[in-house]
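In: curious how this folds, go ahead:
(one chain, ligands or ions: 2)
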Amino acid sequence: MDKKKIAVVFGTRPEAIKMAPVILELNKHLDRFQVLVIVTAQHREMLDQVLNVFDITPDYDLDIMKKNQTLSDITSDVLKGIEEVFTAEKPDLVLVHGDTTTSFSTALAAYYHQIPIGHVEAGLRTYDKYFPFPEEANRQLIDTLTDLFFVPTELTKTNLLNEGKDENKIIVTGNTVIDAIHYTKESQTKHAALDLIAQNPNQKWVLLTMHRRENHGEPMKNVFEAIREVTNTHEDVSVLMPVHLSPAVQLLAKDILGKQSRIHLVEPLEVDVFHQVINQSYLILTDSGGLQEEAPALDVPVLVLRNKTERPEGLKAGTLKVIGTNKEDVKLAMNELLTNKEVYQHMSKAVNPYGDGLASGRIVKEISNYFDS
Ligand code: UD1
Ligand code: UDP
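Out: Ligands and ions are numbered 1, 2, ... in the order given. Next up is the predicted model:
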């Protein structure tokens, strides 16, 4: 049988982390597949960090990132750039991930070229098109175009069934982020941030990340001020924030959290280092999607800095609490977890709803079945 050409397309840090295990798995089956790794570089430095950790060299790099890029910039640059690659390479299947604008534009380009689309991490929903923005619309639009739905959980399958999608095209795989955690867990990579934590073992380390577009401005300011106040009133609390490279985040973080004792702003960390940091953390505050999946697997409570989550599995498991971005609410929630042992223990109980780390194998097996049939 002819080898099938599989194009794996991604552009941001989280897509790279969750697609890397799929690429490594596809590469084990080069008798069946030709694997084409295409990056848009919607993120530049933060993408390259992941490619280095997983030792992946892209076949095509669109290098589209601009400072302060708009959604229209990303959408149009990816659409035009990917079209050229698809015209030259004519892949048999395109794999996209999640809900970024890279993924949506790539799915649209694949559809225009009538190339089948496999959507990894399909089916997540809040059903509110502005929370998160623009990710909720992106993933619904991608799923309108998708041929093979690789969903992480039964609940995400139910979402798609409720929308009338064909059950035969939905495969529950687990989330590939757990595969990525298995990959990084042997890492011995050293980093100054890990040294800092090791030198202050009696501190409760709070890990903070924040970047979502709907949180830019006032919501982010409220959260940072709340964290500054709580840290100032608890001498046993230290904060580590690897600051996202988005200028909207950099400016506010430096302004409100910079030059505070016991609040440490650092550059984005390599994912293997970051996973070690999660393991050392007492508590996570974040608006990230991926962290809501990693934390239940790594035993760390998460206060979610959003009004809604598309990841209710973590809520059910007890590891997540959605607290929004109101200043008083953030202070209350942090204080509770810093002082109430019972609540803390309840939230740090390990329940991992996202699978066994074998999601990539299931995805590749299903791709193989798809071409056999
Ligand atoms: C994007 C995704 C979001 C995802 C997030 C993960 C969209 C619309 N948004 O949001 O879903 O959760 O990535 O982090 O797809 N920058 C750099 N270097 C980098 C990365 C970013 O300088 O390596 C700066 C650039 O100035 C860029 C800005 O950050 O213009 C924003 O990047 P962008 O991808 O547009 O938005 P994110 O908030 O990162
Ligand atoms: N991450 C990382 N280094 C950091 C911060 C986060 O490698 O300094 C990883 C984290 O482990 C998770 C992913 O990046 O897997 C989350 O990405 P992000 O928060 O940028 O995007 P989201 O998940 O919200 O789409």
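
In: for the helix or strand F86 falls within, which positions count as buried?
Out: Using DSSP states H and E, F86 sits within helix 71-89. By neighbour count, with 16 or more other CB atoms under 10 Å as the criterion, the buried positions of helix 71-89 are 74-75, 77-78, 81-83, 85-86, 89. Yep, even glycine has a C-beta here, placed from its N, CA and C like the rest.

In: now do stretch 303-323
Out: Of all the residues in stretch 303-323, those buried under the rule 16+ other CB under 10 Å are 303-315, 317, 319-323.

In: kindly report the same for stretch 346-359.
Out: 347-348, 352-355, 357-359.

In: hmm, it touching ligand 2?
Out: No - Stretch 346-359 does not reach ligand 2 (CB under 6 Å from any ligand atom); its nearest approach is 11.8 Å.

In: what about that stretch, how long is it end to end?
Out: Terminal residues of stretch 346-359 lie 28 Å apart, using CA to CA, to the nearest Å.

In: any idea of the mean pLDDT in it?
Out: Stretch 346-359 carries an average pLDDT of 91.

In: how many residues are close by whatever residue of the stretch 251-373 of the chain ends up closest to ligand 1?
Out: Ranked by CB to the nearest ligand atom, the top residue of the stretch 251-373 of the chain for proximity to ligand 1 is G289, at 6.1 Å. Residues lying near G289 (other CB atoms under 10 Å) number 22.

In: neighbouring contacts of the helix or strand of the chain with the lowest mean pLDDT?
Out: When the helices and strands of the chain are compared on mean pLDDT, DSSP states H and E, helix 312-317 comes out lowest with a mean of 91. For helix 312-317, the external contacting residues (CB atoms under 8 Å, 6 or more residues apart in numbering) are 153, 155, 292-293, 295-296, 302, 309, 320-322, 351-354.

In: output the set of residues of the stretch 101-250 of the chain in proximity to ligand 1.
Out: Checking the stretch 101-250 of the chain against ligand 1 by CB under 6 Å from any ligand atom, the hits are 101, 134-135, 211, 213, 245-247.

In: in helices, which of those residues fall?
Out: Counting by DSSP state H, these place 101, 135, 247 in helices.

In: pick the one among the residues you listed closest to ligand 1.
Out: Nearest to ligand 1 among those, with distances taken as CB to the nearest ligand atom, is T101, at 3.8 Å.

In: ranges for the helices of the stretch 251-373 of the chain?
Out: Counting by DSSP state H, counting those that start in this stretch, one finds helices in the stretch 251-373 of the chain at the ranges 271-280, 290-298, 312-317, 327-339, 341-347, 359-372.

In: which one of those is the most hemmed in?
Out: helix 290-298 (a mean of 25; mean count of other CB atoms under 10 Å).

In: distance from that one to the middle of the chain?
Out: The chain centroid and the centroid of helix 290-298 are separated by 10 Å, computed with CA atoms, centre = their mean, to the nearest Å.

In: any idea how far L196 lies from ligand 2?
Out: With the distance defined as CB to the nearest ligand atom, to the nearest Å, L196 ends up 14 Å from ligand 2.

In: right, is the least confident helix or strand of the chain up against ligand 2?
Out: No - Helix 312-317 lies apart from ligand 2 when judged by CB under 6 Å from any ligand atom; the minimum separation is 12.7 Å.

In: again with stretch 285-298
Out: Yes - on the criterion CB under 6 Å from any ligand atom, stretch 285-298 is in touch with ligand 2 at 288-291, 294.

In: could you dump those into TSV and include distance to L148?
Out: Listed next are the residues of stretch 285-298 next to ligand 2 as TSV, based on distance: CB to CB, whole Å:
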residue	distance to L148
S288	26
G289	21
G290	22
L291	27
E294	25
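
In: between which two of these is the distance greatest?
Out: The span of the residues of stretch 285-298 next to ligand 2, defined through CB to CB, is set by G289 and E294 at 10.1 Å.

In: which residues does L240 contact?
Out: By CB under 8 Å, 6+ apart, the contact list for L240 reads 193, 196-197, 205-208, 264, 266, 277, 281.

In: 10 Å instead?
Out: 193-194, 196-197, 203, 205-209, 262-266, 269, 277, 280-281 (CB atoms under 10 Å, 6 or more residues apart in numbering).

In: which SS class is it?
Out: Each residue gets one of three states, and L240 gets strand by DSSP: H, G, I helix; E, B strand; the rest coil.

In: ok, what's across the strand from it?
Out: L207, H264 (DSSP bridges).

In: V177 versus that one, what's the distance?
Out: Per CB to CB, to the nearest Å, L240 is found 21 Å from V177.
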